[in-house]
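> pasting the sequence and the predicted coordinates here, then a few questions.
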Amino acid sequence: MSWLARLRNVFRPDAVSDEIDREMDFHLAERTDELVAAGASPETAGREARRRFGRYALQRENTRDRDVLVWLETLLADFRYGLRGLRRNPVFCLSAVLTLAIGIGANTAVFTLLHGLLLRSLPVARAEELARIGLTNLGDGPPAPIIPYQMIQQLRREQRSFIDLSAWREQSVAVSDRDGMKRWHQAGLVSGNAFALLGAQPRLGRLIDESDDVPGGPVHGWPVVVSDGFWKDRFGGDPRVIGTSLEVSGTFVTIVGVTPPSFHGVWPGIEPKLYLPLQFLTVLQGRDDLNAPAPTSTVWCAAIGRLKPGVSHADANVEIGVSQTRLLREFTPPAFLQNPRFSNARLKVDSARAGLPSFFAVMYSAPLYLMQGLVAVVLVLCCVNVSGLMMSKLHERRHEFAVRTAIGAGRSRLVRQYIAESFVIGVAGAALGAALAWYGTYWLVPFFRHPNMGTGLSLQPDHTVFVATAALAVATTLFFGMWPAWRAGASDPGTLLKSRTAAQRRTGGRAFVAVQVALSLVLVVSATLLSRSLIHLRGEPTGFDLDHVTIQTPPFHLLPQKGMAKLDLYQRMVDRIGQAQGVRAAAVTWFTPMTGSQVTRGCHSRLQLGGAGVFPDDGNLHHRGTRVRAA
């Protein structure tokens with residue numbers, strides 16, 4: 001029986017028992033026939049055959065145990081033999097393990113970031129049913145995961161593909177600490193049904209519900225749900241936090257709950273510290289009502305819904321496509337559809353299993369996939385190196401294999417022992433690589449930060465990361481171990497001892513060197529092209545003059561002023577700065593060039609409350625030397 005069949009038998013005991021029963025029945029029938037042929041009656045022959053055979057159940061159990069346990073004992077013996085061989089060659093063992101650890105660790109570290117930012121499912125019930133509605137066909141820009149809040153409400157009333165639809169908005173708020181200092185935090189503004197739709201459960205208290213998200217706020221005051229991290233940092237994990245007041249952007253709110261530790265929000269990479277009712281936006285922006293029909297009052301939010309059982313994303317797209325023209329005309333500002341870039345805009349339903357496209361997901365998805373490909377090439381190089389070491393070790397042990405083969409050792413046993421030794425190296429390399437990946441991941445995280453927002457990447461390894469690491473261990477073992485193992489079992493004793501083996505070794509060594517050089521050239525050429533591209537980009541004209549220009553980012557979000565009072569404050573600040581000695585021009589803007597915002601690629605208009613733009617007559621474009629195509 002082959003070792004693969006024996007391995008399969010370990011995990012299918014019922015099938016093994018059936019096979020043993022059939023085999024034993026065959027032997028009983030054969031012995032009974034022999035006794036009948038000798039003159040015994042069928043009944044007597046059957047009893048005598050069973051007596052000679054012994055206790056049927058015991059024989060069956062012993063046969064099964066010998067079939068499986070002997071193989072397991074042989075396998076364990078192979079592993080012990082491999083461990084002894086590696087202990088006799090500590091330099092080889094350490095070199096192979098460290099080489100694999102570098103390759104596996106780099107791949108695991110990058111995959112952990114990739115998984116946490118783009119692939120990890122939201123920790124909610126039936127995440128595969130979640131879907132989001134956004135805008136696509138936005139000219140040369142990327143799809144936008146937001147639509148007007150009024151459109152979300154209308155879709156919630158008329159759509160039949162969704163069980164429910166909720167609104168989510170990311171917002172910066174100022175939170176006063178115990179010393180009265182205001183600190184900037186990211187907050188999630190959610191509709192009253194948002195947490196219920198996800199099926200999220202609080203760690204303490206309750207979550208935002210429908211009674212909280214009402215115009216003007218609940219009669220008992222605005223509620224707030226804090227994240228598990230904020231609860232621990234600010235309140236030391238005190239369970240008596242429920243009912244405590246917080247000052248958020250000049251308004252006192254009451255803590256009603258704490259989110260579970262596993263919930264980091266719906267924006268991968270960005271973890272809101274607070275969750276407030278969406279209607280709280282009227283307080284933050286000085287609005288009267290989020291449902292005001294005026295185009296200038298359009299509130300853009302992300303829409304997350306849960307599809308009904310049996311409804312696919314394609315079905316939802318078909319339904320929403322029927323009414324999208326009417327919805328866009330009715331709920332988007334007139335200037336939106338009049339813009340040539342947005343004239344062909346369409347609504348689209350996509351999966352929200354992994355959350356919403358955040359700044360980090362959009363900004364770093366391509367670099368992460370590229371980095372994953374590069375470290376995969378590094379892993380292949382590591383495997384080639386270890387395979388070369390194994391081939392050298394095989395050459396040194398050719399006399400041992402020749403003697404063992406000559407005295408009767410099966411070639412399959414030699415191959416199995418060599419694979420067992422390779423597996424030990426692979427497991428050790430994967431274990432060390434996982435440890436390196438743990439520290440490497442946290443070393444990489446600071447590179448994925450934005451100056452104006454925190455980073456909330458969930459880097460806790462889950463079953464997906466562990467499965468990926470285990471798969472890497474198995475794949476690398478097969479990659480670097482199979483060729484030497486095949487060489488060990490394919491050669492006859494005489495061939496292993498002949499001098500021409502050295503020539504074969506040199507030929508194989510040259511092949512490995514050629515592969516390593518080819519892969520190394522791929523990495524070197526890729527790095528060179530990337531470096532040249534970066535150097536070229538540094539020399540490209542930006543479209544504005546950076547000489548003698550300074551950009552300051554005061555914490556405007558911490559100001560207590562609201563509405564027109566804040567707009568007047570901006571104007572006074574610009575006037576005062578413009579009068580300072582040595583200042584030729586001053587301006588205020590919501591977005592600065594080269595920040596990655598899509599707004600900086602479009603047209604600007606006079607600053608709207610809660611919107612984006614610049615003062616047109618304050619020299620914002622002039623003092624940077626920016627060309628304006630139309631005015």
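It's in.
> can you point me to the longest strand in this structure?
strand 162-176 (DSSP state E).
> wait, isn't Gln279 in contact with Val214?
Yes: contact criterion CB atoms under 8 Å: Gln279 and Val214 qualify, at 6.2 Å. For glycine as for every other residue, the C-beta is placed from the backbone atoms N, C-alpha and C.
> those two: which is more packed in?
Of the pair Gln279 and Val214, Gln279 is the one with more neighbours under other CB atoms under 10 Å, namely 22 against 12.
> what sits against the more buried one?
Applying CB atoms under 8 Å, 6 or more residues apart in numbering, we find Gln279 in contact with 213-217, 290.
> now do the strands in the stretch 51-200 of the chain.
130-136, 147-148, 162-176, 182-190 (DSSP state E, counting those that start in this stretch).
> which one, of those, ends up nearest to Glu421?
In terms of CB to CB, the element of those nearest to Glu421 is strand 130-136, at 46.9 Å.
> buried residues, that closest one. List them.
130-135 (16 or more other CB atoms under 10 Å).
> where does the stretch 351-500 of the chain have low pLDDT?
396-398, 400-402, 404-413, 445-463, 480-500 (pLDDT under 70).
> one step back: need the buried residues of strand 130-136 in CSV with distance to Leu389 and pLDDT, can you?
Formatted as CSV, those follow (distance: CB to CB, whole Å; pLDDT from 0 to 100):
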residue, distance to Leu389, pLDDT
Leu130, 48, 95
Ala131, 51, 95
Arg132, 50, 94
Ile133, 55, 94
Gly134, 51, 92
Leu135, 55, 91
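> got those residues as a markdown table, with distance to Ser245 columns?
Written out in a markdown table, the entries for the buried residues of strand 130-136 read as follows (distance: CB to CB, whole Å):
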| residue | distance to Ser245 |
| --- | --- |
| Leu130 | 33 |
| Ala131 | 37 |
| Arg132 | 34 |
| Ile133 | 36 |
| Gly134 | 36 |
| Leu135 | 39 |
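> list the contacts for Ala144?
Here Ala144 is in contact with 134-136, 138, 598 (CB under 8 Å, 6+ apart).
> could you dump these into JSON lines with distance to Ala527 added?
Listed next are the contacts of Ala144 as JSON lines, based on distance: CB to CB, whole Å:
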{"residue": "Gly134", "distance to Ala527": "36"}
{"residue": "Leu135", "distance to Ala527": "37"}
{"residue": "Thr136", "distance to Ala527": "35"}
{"residue": "Leu138", "distance to Ala527": "34"}
{"residue": "Gln598", "distance to Ala527": "30"}
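> the helices in the stretch 251-400 of the chain, which residues?
281-285, 313-331, 334-338, 359-396, 398-406 (DSSP state H, counting those that start in this stretch).
> including mean neighbour count and distance to Ile147, could the ones you listed go into CSV?
Output for those, formatted as CSV (neighbours: other CB atoms under 10 Å; distance: least, CB to CB, whole Å):
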stretch, mean neighbour count, distance to Ile147
helix 281-285, 19, 16
helix 313-331, 15, 8
helix 334-338, 13, 11
helix 359-396, 18, 17
helix 398-406, 16, 69
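> out of those helices, which gets nearest to Leu569?
Between Leu569 and the helices of the stretch 251-400 of the chain, the tightest spacing by CB to CB is seen for helix 281-285, at 14.9 Å.
> I'd like the average pLDDT over the closest one.
Helix 281-285 carries an average pLDDT of 86.
> check stretch 88-101 too.
On average, stretch 88-101 scores 85.
> gap between that stretch and the chain center?
31 Å (CA atoms, centre = their mean, to the nearest Å).
> buried sites along it?
92-93, 96-101.
> reformat these as CSV; add distance to Ala376.
Converted to CSV, the buried residues of stretch 88-101 look like this (distance: CB to CB, whole Å):
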residue, distance to Ala376
Phe92, 25
Cys93, 25
Ala96, 19
Val97, 20
Leu98, 19
Thr99, 15
Leu100, 14
Ala101, 16
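> what sits up against stretch 424-444?
Taking contacts as CB under 8 Å, 6+ apart, the residues outside stretch 424-444 that touch it are 79, 82-83, 86, 93, 96-110, 112-113, 386, 459, 461, 469-470, 472-474, 476-477, 480-481.
> no wait, stretch 228-245
By CB under 8 Å, 6+ apart, stretch 228-245 touches 177, 185, 203-205, 226, 252-261, 263, 271, 273-274.
> that stretch: how far from the chain's middle?
29 Å.
> can you check stretch 352-372 too?
8 Å.
> quick revisit: so which of the buried residues of stretch 88-101 is the closest to Val524?
Distances from Val524 to the buried residues of stretch 88-101, taken by CB to CB, are shortest for Thr99, at 19.0 Å.
> ok, that closest one - contacts?
For Thr99, the contacting residues are 382, 385-386, 389, 429, by CB under 8 Å, 6+ apart.
> mind doing that once more with 7 Å?
Residues in contact with Thr99 (CB atoms under 7 Å, 6 or more residues apart in numbering) are 382, 385-386.
> ok, the closest residue to it other than its chain neighbours to Val253 distance?
Counting by CB to CB, 6 or more residues apart in numbering, the nearest residue to Thr99 once its immediate chain neighbours are dropped is Cys382, at 4.9 Å. Between Cys382 and Val253 the computed distance is 53 Å (CB to CB, to the nearest Å).
> who touches the longest strand of the chain?
The contact list for strand 162-176 (CB under 7 Å, 6+ apart) reads 149, 152, 155-156, 159, 182-191, 193-194, 197, 246-249, 266-267, 270, 274, 278, 281, 284, 301-308, 356, 557-558.
> tell me the angle it makes with helix 313-331.
Angle between the axes of strand 162-176 and helix 313-331 is 60 degrees (criterion: axes from the mean of the first three to the mean of the last three CA atoms, to 10 degrees).
> now do strand 162-176: distance to the chain's middle.
That offset, for strand 162-176, works out to 22 Å (CA atoms, centre = their mean).
> and for stretch 243-263?
28 Å.
> what do you get for stretch 224-232?
23 Å.
> can you give me the end-to-end distance of stretch 344-362?
End-to-end distance of stretch 344-362 (CA to CA, to the nearest Å): 22 Å.
> pull the contacting residues for the residue nearest to Arg160 when sequence neighbours are not counted.
Once flanking residues are discounted, Arg160 sits nearest to Glu319: 6.5 Å by CB to CB, 6+ apart. Residues near Glu319 by CB under 7 Å, 6+ apart: 159-161.
> give the bridge partners for Ala131, please.
Gly305, Ser351 (DSSP bridges).
> what distance do you get for it to Lys308?
11 Å.
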